[in-house]
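Enquirer: I'll drop the sequence and a predicted model, then ask my questions.
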Amino acid sequence: MTEDPLDAAVDNDPRVGLRAVRSLRELAERLEVLHVTRARELGMSWQEIADALDVSRQAVHKKHGKSKHV
């Protein structure tokens, strides 16, 4: 049986909570790659993507600019 992510996030055992945090980070990373890739395919500029992510253009370009996914 799969544990409910919300239950894991508020579990009293810090090991369970920390695993939930790790899983959320991994999911967020995957979603970011997916949506940055799609945004670039649709012609969005690095500045538009950076604005949407609330980061600098340089930061988003450094992270995703040379990626084979983009």
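Expert: Good, I have the coordinates.
Enquirer: buried residues in the longest helix seen in the chain?
Expert: Ranked by residue count and defined by DSSP state H, the top helix of the chain is helix 14-41. Buried residues in helix 14-41, counted by 16 or more other Cβ atoms under 10 Å: 20, 36, 39-40. (C-beta placed from N, C-alpha, C; glycine too.)
Enquirer: so after that helix, what's the next helix or strand?
Expert: Beyond helix 14-41 in the direction of the C-terminus, DSSP states H and E gives the next helix or strand as helix 46-53.
Enquirer: returning to that earlier point: the longest helix of the chain vs helix 46-53, what angle?
Expert: 150 degrees (axes from the mean of the first three to the mean of the last three Cα atoms, to 10 degrees).
Enquirer: and helix 14-41, what other elements does it pack with?
Expert: Packing contacts for helix 14-41, counted by 3 or more Cβ pairs under 8 Å, 6 or more residues apart in numbering; DSSP states H and E, involve helix 5-9, helix 46-53, helix 57-64.
Enquirer: before we move on, back to that, which of the buried residues of helix 14-41 has the weakest pLDDT?
Expert: In terms of pLDDT, the weakest of the buried residues of helix 14-41 is residue 20, which scores 89.
Enquirer: test my guess that it contacts residue 13.
Expert: No: between residue 20 and residue 13 there is no contact, the gap being 10.5 Å when judged by Cβ atoms under 8 Å.
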